[in-house]
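Participant: Provide a 3D model corresponding to the input given below.
(chains A and B)
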Amino acid sequence: GNSVTQMEGPVTLSEEAFLTINCTYTATGYPSLFWYVQYPGEGLQLLLKATKADDKGSNKGFEATYRKETTSFHLEKGSVQVSDSAVYFCALTQGGSEKLVFGKGTKLTVNP
Amino acid sequence: DTAVSQTPKYLVTQMGNDKSIKCEQNLGHDTMYWYKQDSKKFLKIMFSYNNKELIINETVPNRFSPKSPDKAHLNLHINSLELGDSAVYFCASSRIASNQPQHFGDGTRLSIL
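Facilitator: Sure, this is the predicted structure:
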């Protein structure tokens, strides 16, 4: 079945540090890939998405590129802020189904 | 302008009780979902409805019964609550297509005593 593996947290960084959260997936065909963010006490918000190979999703300084050859969708940000502290989820949907399959989430804490 | 709203935000109850969680979306979406997030933050889909019809039903105990009176509402009724049902339950909605993002409510934290 489809699955998503993302790096275990927690991740702790200083403000303005570079962020990478690794995400790899297992799926047949061409899934759509997503990063969602969950701030404390809130629901999930879409951060970015990519729906075909080599697409780059970007939002709020975050980027992720859909790499079919390595089945990866790593999240990056060049300079993190304290306000980026949250739990980040990598997820996929498989064509023909709207079921979101999530990774286990990575908690990011950014210290001033 | 709340897009996906669910009530209540917190629910504390005794084992064996029956409870309901309500969800409403004003985005005009035709598909709605229930997800369960456990204490380790792991998220798993439970149900999905499209235009009031059940389209996804994961291996959830039949004590859980979703009901969709119209495409803007999806409620979750839980019978005979057990300790293991303690979790945060999220409602979400989207357009019907796998490349469409889902919009989530703020969650209902269910605690079973």
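
Participant: only C-alpha atoms for contact and neighbour calcs from this point on.
Facilitator: OK.

Participant: which residue, other than its chain neighbours, is closest to the residue in chain B that chain A sits nearest to?
Facilitator: Residue of chain B nearest chain A, by CA to the nearest CA: B:D106 (4.0 Å). Spatial nearest neighbour of B:D106, chain neighbours left out: A:G43 (4.0 Å); criterion: CA to CA, 6 or more residues apart in numbering or on different chains.

Participant: tally of neighbours for residue 82?
Facilitator: Just going to use chain A. A:V82: 15 surrounding residues under other CA atoms under 10 Å in any protein chain shown.

Participant: chain B was what I was after
Facilitator: Residues contacting B:E82 under the criterion other CA under 10 Å number 16.

Participant: so where's the chain shaky on pLDDT?
Facilitator: Just going to use chain A. Along chain A, segments meeting pLDDT under 70 span A:95-96.

Participant: wrong one, chain B
Facilitator: Residue ranges of chain B with pLDDT under 70: B:1.

Participant: mind doing that once more with 90?
Facilitator: Along chain B, the model assigns pLDDT under 90 to residues B:1-2, B:40-41, B:50-60, B:95-101.

Participant: in the chain, which spans are strands?
Facilitator: Because you didn't say which chain, this covers chain A. A:3-6, A:11-14, A:19-21, A:23-26, A:32-38, A:44-50, A:56-59, A:62-65, A:75-77, A:86-93, A:101-102, A:106-111 (DSSP state E).

Participant: that answer is for a different chain, and I need it for chain B
Facilitator: Using DSSP E, the strands of chain B run over B:4-7, B:10-13, B:19-25, B:31-37, B:43-50, B:53-57, B:64-70, B:73-78, B:87-94, B:103-104, B:108-112.

Participant: related to what we said a few turns ago, next, the residue of chain B closest to chain A: phi, psi?
Facilitator: With angles defined as degrees, to the nearest 10, B:D106 sits at phi -80, psi 0.

Participant: in contact with it: list those residues for me.
Facilitator: B:D106 is in contact with A:41-44, B:4-6, B:9, B:90, counting by CA atoms under 8 Å, 6 or more residues apart in numbering or on different chains.

Participant: what about those residues, which one has the most neighbours?
Facilitator: When neighbours are taken as other CA under 10 Å, the top entry among these is B:F90 (27 neighbours).

Participant: beta partners for A:T93?
Facilitator: For A:T93, the beta-bridge partners under DSSP bridges are A:S32.

Participant: that one and A:G29 touch, don't they?
Facilitator: No - using CA atoms under 8 Å, A:T93 makes no contact with A:G29, being 10.9 Å away.

Participant: out of those two, which sits in the busier spot?
Facilitator: The neighbour comparison of A:T93 against A:G29 (other CA under 10 Å) goes to A:T93, with 25 against 9.

Participant: which residues does the more buried one contact?
Facilitator: With contacts defined as CA under 8 Å, 6+ apart, the neighbours of A:T93 are A:31-33, A:99-101, B:98-99.

Participant: try 6 Å
Facilitator: By CA atoms under 6 Å, 6 or more residues apart in numbering or on different chains, A:T93 lies in contact with A:31-32, A:99-100, B:98.
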